[in-house]
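**Q** give me a 3D structure for the following:
(chains A, B, C, D and E)
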Amino acid sequence: MSASDFLAIAPLLVLAAGATAVMLQIAFMRSVPVTAILSMVALLLAALSCVSAAAITPLQVGALLSADQFSLLFTALFCVAGAVTCGLSLDYIRHHGDEPEEYFLLIVLATLGAGVLAYANHLASLLLGLELLSVSLYALIAYPNRSLLPLEAASKYLVLSGAASATLLFGFALLYAGTGTLAFAELGEKLGQAEMGTGLLMAGSAMIFAGLAFKLSLVPFHLWTPDVYDGAPAPISGFLASVGKAAVFVALLRLFLEADLFRYYKLVQLTGLTAILSMLAGNLLALLQTNIKRMLAYSSIAHLGYLLMVFMICLDTGSRALAVEAAMFYLIAYTATTIAAFGLLTLINESQVEREQVQLQQVSGLFWRQPLLAGLMLVALLSLAGIPLTAGFIGKFYLFTAAVSGGNWVLLAALILGSAIGIYYYLRVVFYMTRGADEHKHTVTLSPGWSGSALSCLLIASILVLGIVPQTLMAYLRSIL
Amino acid sequence: MIVVLFYIAAVIALAATVAALTRTNATHALIYLIVSLLAVAVMFFLMGAPFAAALEVVIYAGAIMVLFVFVIMMLNLGAAGEARERQWLAGRSWFVPGSMAALLLLEMLLVLGDAHGVTSGTAVSPKVVGMTLFGPYLLAVEIASMLLLSGLVGAYHLGRRFIVRRGDH
Amino acid sequence: MDGLMVPMEHVLVVAGLLFTCGLFGLMLRRNIIFMLMSLEVMLNSAALAFVTAGAHWAQADGQVMFMLILTVAAAEVAVGLGLVLQIQRRFKTLDMDRANRLRG
Amino acid sequence: MMLQLILLLLVAGVVAWQAERFSSTLPRWVTVVAVLLALLMLIANLGGIPAERFTLVSYPGEPQGWLMYSQHAWIPRFGISLEFGMDGLSLLLLLLTLGLGLVAVVSSWDEIEFKPGLFQANLLWTLAGVAGVFLALDLFLFFLFWEVMLIPMYLLIAIWGHEKRAYAAMKFFIFTQVSGLLMLLSIVVLAFQGAGEDGISFSYSDLLASAPTGRAGMLTMLGFFIAFTVKLPGFPFHTWLPDAHTQAPTAGSVLLAGILLKTGAYGLLRFCIPLFPEASMQFAPVAMGLGVLGIVYGAILAFAQSDFKRLVAYSSVSHMGFVLLGLYAWNSLALQGAIMQMVAHGVSTAALFMMAGALQHRLHTRDMFRMGGLWQQAPRMGACAMFFAVASLGLPGMGNFVAEFLVLAGLFAVSPWMTAAAALGLITAAVYSLWMMQQAFQGRPDNNREMADFGVREMSAMLVMMAVLLGLGLYPQPLFDLTQPVLEGLLPRMSEPMSALPRLLSEVSP
Amino acid sequence: MNSIVLIPLLPLLSAAVLILSTGKMPRTVASLMGAGSIGLSALCVALLASSFLADGEIRELTLWTWMSIGDFSPRIAFYIDGLTIVMMSVITGIGFLIHLYSIEFMWDDESLCRYFAYMNLFVAAMLLLVMADNLLLLYLGWEGVGLCSYLLVGFWYRDPDNGAAARKAFIVTRIGDTAMALGLFLLLTELGTLDIQPLMVAANTQWQTGDTLPVLATALLLGGAVGKSAQLPLHTWLPDAMAGPTPVSALIHAATMVTAGVYLIARTYGLFLLAPATLEAVAWIGLATLLIAAFAALAQNDIKRILAYSTISQIGYMFLALGVGAFASGIFHLVTHAFFKALLFLAAGAVIHCLHHEHNIFRMGGLRSRLPVVFASFVIGSAALAALPFTSGFYSKDAILLAAWSLQDIGPWLWAGGLLGALLTGIYSFRLVFIVFFGEARTEPDRQPGWKMAGPLILLCVLSIVGGWIALPLAGVFPAAESHPVNHSVEWISIGVPLLGLLLAYLMFLGGQISVDKLLSAPMARRLVDFWFSGWRFDQLYDLLWVKPYKAIAHWWRNEPVDALYNGIVAASQWGHRRLLILQNGELRWYATIMVLGLVLLLAVMLRNAP
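**A** Residues are numbered from 1 along each chain as shown, chains lettered A, B, ... in the order given. Now for the predicted structure:
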């Protein structure tokens, strides 16, 4: 491996080194602040190293990883998201688990997994990234080991995710059996000239899609989502919903693009169907939820449905570039928004040791008690609902344009229908937050620490900046395609 | 002749797996599973993947299954657990999983029976595997190490308090 | 030593059957230990398919993938069994049907 | 200037919000000063425009046709820019917006005790959003303002509304938002339709040249039409309105009825019809039918209400039906009538909602069956109510009459049958207006009830609005002069397709 | 400043000041302003009239262009010819007398100020109506008087019945007004203008006599006239409108406003001449109305309702006149009617005023000696109403009957009908006189009318008698009437019939030679009288046809039927939510099963028709 190879995967190396350092630090001296700061420094350094790595891209590193602007962008995003999650968790985890140092270590490892997924252009690295992410998440979900719900959530996630991984692997094996290669690009070439029956290959790709659809919690593989999000610690739910999904989506997108799975028209149509089902079912399921975490979980199903439209749109080669651009923007906007939404739940939960759930009543009157937190939630919800001036709107606008460009009217109809339902439950939270001061009896007074406040401001700012002046990011995204 | 051995191994693997998954006694099930894994190891060996066969025996049947054994013994489920298992496996609970599995089986047969080709007959030696592993897949090894670290840390965190508590009593 | 020449579809069918068995076990069993065993079966079936495919193409990649799957299985089982211990301690049962506090 | 005007209102909102830290009365003064400043700014800038520009026919799509025009790059990736333009129509509606903004402040002068700063902030943000809607020329920007003005309005209803505010606010938001999404879809389709070498553009002038025709054109047009009709509101998309108006605080109702509804009409006039002349012509019979239905249906339901505000709200449905009719009749009489209706209805309904708010503030009820004989205790209120009730039933001498007369006169040339049906609205309007007067102000007074009459502040607002209505009714020419060049620019765009309209209508008429 | 402007402006300003004073003005000032502004206005009219009579020049005055959109540019402008002068004189002259009368009549009312405000506003609006040079401005005045009528009928708003009567008046006339508005649209669309004189010129050049369009246009205008002038079928509001103060009834519902329909048709006679069908309809409507109302008047026992029905009936005569083309006679009758009906109403008002607001004639009686001035007024008024010879009513009604007689074909029928009406008029008017002023006293008056009430009465008495000799300056307005060969026997019959009516009334109600009780003992007769008493059951009919269905629909729809659609969508979403939620039962095995199902389906779709 050459020096430039090292530079190209510097973010991953920094993360791995960071993980090792954190582990050693824990071994020698348990100290939550030190561990947290070390982890965040590692994550931010990794994000920074993406910038320097960008200079030498694109570069294929070994057989497994492809360092290009695309992977660097998302690695950086995941690192920042990981750092923010660490920051949000600082106070939270002290209340919820004993020996919380490994928590940060696991976040770094999970972020590393996400980074690997962003880099992956080989089935092996895809597998490893996915598993690194998942295994870290199992432990993270079950981390607050004093209560039952995280445990239940983790065991459900572990069993189902294991099954999904196995399905994915079986799919890999079928593709490998049919083509004799594991690298995306080569796979693309070989698929075209496959010797064996395409039935095998189609089934293989379908099983891969099924496995990844589970991770993306798309209908009908979505059932675990609310339970896991509900049971998991709030910051981890946020991480899972944002980084966990974005990384898998990035990998899936790259797989489809580089291996040109769009050749399987039926599979792509199935993605479209899944997208529609996810939009509708996710939004419908969220409709009357009073538990905000579950509501956000269901809404994440819907959002992944929106994103999945991209695959259908990509069928139209003329719109493919726009579709991918739209997906990238949406992912970034969605990540920021989701972390913000779960961030609020984290900050609220800090003071609630017993039950890891947030009911609507508990945010009642939040506007008047904690304007900053309420502002964070408001911005996040508006962004999720796709109201202008937020990142979510621009993301949705991107999808609109891409779908119009590709002429996918049915998907657009589902998108509009889904968004319509979505408005109700997002706005309901806003309404509860704005209820009068006398209407919230069962709520807890709380105030975020300085780190919580600073991160809230940061998240609000990022969502609004992406929503109001998106041009810079758009131009960048366009340039890297 | 050796081909026959191969098919016998396949049948044993399948039968042992089915047995493993339908036993009520966890330890028995585990033994069946180990048998199944060993049979698969035989298949690996016969297909010209001796290194994989060895690992299957050593790590899969050896290490991982032993982990199961430890846990089962630690939990000490006993006869009551067995009776409960039997009760859970009574009649009706088979129907839905059975039909699902049957459908899936059908599809699997359709798909996989469609694949044409034979195994090459050339063995891939451990050396070649090693060369590949530490050649193009070097980074995979590194990442796998991180994966194992993650599993380790997770298992440690989850298992720690249990062990400590047990020690107290 | 040379390997056998067997029709690949036969081995793949075996792998497929193992996979189905694994899923079947997952759907059937309420005890989480058996669920984890089912997972092992499924992962193993994928491994078998990979090794078979590797043998078909006479490549080492199949076996390498097998080793990676082994790693994955090890990591999953480690965490999974850790969870099993906690579940037994907290829920006083391994019956996953009873772990349904999160719902709706 | 136009961007600065919007920013002024936005920033003033923040200032008003923070001003509540110092005093609970400070925010409303901030609002008053901000709106006055905005007015001053507008007038000062108008002074710089040569007088003959006001009479110059402004063809849409020609930057020099606008009285004021400005453009700044924003999102060049999609050809989106901060493009603002003002012509006579926008100017008129802007004046209405700011004027009613003042009325809204006055109407809820001491009604709001809970978080007055945020209340005023939302008021100002709504005004900013509406001003943006009236000024934006880039369709993306237009959509942005279109949506953004909803949020402060939603908060106004959701926070300071009455007993069923959650339902009302949600209904309002979902109706407008969903229809807005349809419009966004249409906007994007339109933008792609006109995509050229250098990518897509959302600029009004570019899109004017690229209207799709045939079925695609019709569907795209419908996206706009539904969005605007929901806001207008037109039958059968009107059901959010009675709830929203009823539950909103007084200032919210004033803003909703006074100006938010006008954005729908403005959108139809500025965008929906000119962008799709052909589709609009084919659709005109349906649109007019909806207008007539709205007029009659709104009037009947207004009569059926016992809630004062609900009655006024349904009367809005009825009155805005005239706007829909006028717009789709598409001749200068009807269009001028529609524009006049926008202004006159804005003023008269704002006054009625102010009245309703005053009654609720004093009596803690909006139920007219619990009123009666109020004239006795509050003759000034009674006189005002009478004035605006007869204004709303279209008594000659008031702006509303001029509006309805012109709409119907213009419509008659297009479709006598539609006119006859719509004229039923004149009768039904009398039924509910007088019924309202009877229930609330006439009849036997409840002598146990003490009620304060209008004070100087309320009276002066009322008098100003009366003067405006009378002015519009007796000398509406300045308004027509202001909008005539705009219409003259728009009319030829449509004259060819629209000339087929009477024939089309005669086919569907009995 | 042109004094013409002052004529409507003075009452208008006075009204504005009175309204703005919000009742805080002292009574004296308010009444002085109220009556004085009309007086000044009347003075201006008198000056104008005298100068007009001197030079006969039509005066036109444009104040400003109301609006100008394309070719449509109605102005706020006045057109004053003989007809206008006549109307203005009646409005301001009688208006002034009634205002004067009102000062005393309304002195004790707490809302005197409001009263005068409305009254002045009414006069201003009525003046605008008659002075307008275009139909749009006329419409403004037209609606304005409607509003004032509404306000004044419901003046005593505390009684919900009064409010109902006021609303009825407004809404029923509004129905006619809407037809009229449609007529305006038609004229504007077809002829391109609403200015009355150019309009008639344009109509004459563009339309042929008997075309559909002029018939349609005039029919629509007729709708407005019918509504305002309380003719069939929109006459039902007028009897109820008596709920207002009696001077209001005198001014608005007898002398001026209700004759606006007559004025409208006379003003636009050029159009009507192009539509003989409409004109004939006008005649028939007039005839039908005058008969129906006369029968109804026979059966009433409320003093004001009798007068109200008589008003309807007399306006029927005017319509008859217009219908047979005798426009000038119609206007003539309008003027004389204004005199004697105002007189009758004011006298009735005096009776009511002096008898503690008693309306029922059967609780009056014997007032001849107790209220002599009123008695005299009543007798003179009734004589004029009944068209006894040498009263003003005689001359005008005679002219109408003659004109009707001389019409081709239908003329004699119309004439006979009119004659029957005259007979009935004689009966019911003197029935009133005999019952109220003769016989024994049933209620004692508690006061006598003062000079402010008596003065106008006396003046109107004079006018009711001499009004028939006034020559109206209508020469240039209408086309010269063809001189009819006077048939003397017809004339004699015209003279005789009212006298016959008087005689019958005497026999029935004073002399007792014909027993009313005996007449009524027949069940058919009783039922007939009840039928007439209820105004031919028009109210009940309309209630059944329009009011009840409208209310029923409104009640049925009050909770927004359209919302059912949206509620359905909501319910569907909630249904979907609940269905999908069933899947989320929290059981791991179930989740796994659904996942496998998903996989099975996915593979099934992929493998279907797989190549």
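
**Q** show me the shaky parts of chain C.
**A** For chain C, applying pLDDT under 70 flags the ranges C:1.

**Q** now do chain E
**A** E:1, E:480-486, E:609-611.

**Q** ok, now how distant is the closest residue to chain E within chain A from chain D?
**A** In chain A, no residue comes nearer to chain E than residue A:220, which is 3.7 Å away by CB to the nearest CB. Quick note: C-beta positions are derived from backbone N, CA and C, even for glycine. Per CB to the nearest CB, to the nearest Å, residue A:220 is found 26 Å from chain D.

**Q** does that residue really touch residue A:273, like I thought?
**A** No: the criterion here is CB atoms under 8 Å, and residue A:220 misses it with residue A:273 at 10.5 Å.

**Q** my guess is residue E:432 contacts residue E:382. True?
**A** Yes: if you go by CB under 8 Å, residue E:432 and residue E:382 touch, sitting 6.7 Å apart.

**Q** neighbour count winner among the two?
**A** Taking neighbours as other CB atoms under 10 Å in any protein chain shown, residue E:432 and residue E:382 compare with residue E:382 leading, 30 against 27.

**Q** Three-state assignment for that one, please.
**A** Per DSSP: H, G, I helix; E, B strand; the rest coil, the secondary structure class of residue E:382 is helix.

**Q** contacting residues around it?
**A** By CB atoms under 8 Å, 6 or more residues apart in numbering or on different chains, the contact set of residue E:382 is E:344, E:429, E:430, E:432, E:433.

**Q** equivalent analysis for residue E:466, please.
**A** Neighbours of residue E:466 in contact, by CB under 8 Å, 6+ apart: residue E:392.

**Q** how far away is it from chain A?
**A** 77 Å.

**Q** quick one: low-confidence residue ranges for the chain.
**A** All of this is about chain A. Scanning chain A for pLDDT under 70 picks out A:1, A:96-98, A:145, A:194-197, A:349-357, A:436-447.

**Q** wrong chain, I was asking about chain D
**A** Applying pLDDT under 70 to chain D flags residues D:61, D:63, D:196-198, D:494-510.

**Q** can you list the residues of it near chain A?
**A** Residues of chain D lying close to chain A (CB under 8 Å from any CB of the partner chain) are D:74-78, D:114-115, D:140, D:143-144, D:147-148, D:151, D:154-155, D:158-159, D:166, D:169-170, D:173-174, D:177-178, D:181-182, D:184-185, D:188-189, D:191-192, D:200.

**Q** just those: which are in helices?
**A** Among the residues of chain D next to chain A, the ones falling in helices (DSSP state H) are D:140, D:143-144, D:147-148, D:151, D:154-155, D:158-159, D:166, D:169-170, D:173-174, D:177-178, D:181-182, D:184-185, D:188-189, D:191-192.

**Q** need the residue closest to the centroid of chain B.
**A** In chain B, the residue lying closest to the centroid (CA atoms, centre = their mean) is residue B:37, at 5.9 Å.

**Q** residue contacts, it?
**A** With contacts defined as CB under 8 Å, 6+ apart, residue B:37 is in contact with B:56, B:57, B:60, B:61, B:65, C:44.

**Q** mind picking the two most distant members of the contacts of residue E:382?
**A** Maximum pairwise distance among those (CB to CB): 12.3 Å, between E:344 and E:430.

**Q** out of the two, which sits in the more crowded spot?
**A** residue E:344 (30 against 26).

**Q** now residue 105: closest residue in space that isn't a chain neighbour?
**A** Using chain A here. What sits nearest to residue A:105 in space, not counting adjacent residues and going by CB to CB, 6 or more residues apart in numbering or on different chains, is residue A:22, at 4.6 Å.

**Q** could you do chain D instead?
**A** Computed as CB to CB, 6+ apart, the closest residue to residue D:105 that is not its neighbour in sequence is residue D:31, at 5.0 Å.

**Q** what does residue B:119 give?
**A** Residue B:119 sits nearest to residue C:55 (CB to CB, 6+ apart), 4.1 Å away.

**Q** which of the helices or strands spans the one you found?
**A** Using DSSP states H and E, residue C:55 sits within helix C:32-57.

**Q** so how far is that helix from its chain's centroid?
**A** Relative to the chain's own centre, helix C:32-57 is displaced by 5 Å; criterion: CA atoms, centre = their mean, to the nearest Å.

**Q** my read: the residue nearest to residue A:105 touches residue A:108, true?
**A** Yes: using CB under 8 Å, residue A:22 is in contact with residue A:108, at 6.1 Å.

**Q** can you pull the residues that touch both of the two?
**A** A:39, A:42.

**Q** between the two, which is the more surrounded one?
**A** residue A:108 (33 against 26).

**Q** in a helix, that's where the more buried one is, yeah?
**A** Yes: remark: residue A:108 belongs to a helix, assigned using three-state DSSP.

**Q** how many neighbours does the nearest residue to residue A:201 once chain neighbours are set aside have?
**A** Spatial nearest neighbour of residue A:201, excluding adjacent residues (CB to CB, 6+ apart): residue A:178 at 4.5 Å. Counted with other CB under 10 Å, the neighbours of residue A:178 add up to 27.

**Q** the helix or strand hosting residue A:178: how far from the chain's middle?
**A** Using DSSP H and E, the element containing residue A:178 is helix A:148-179. Put simply, helix A:148-179 sits 18 Å off its chain's centre (CA atoms, centre = their mean).
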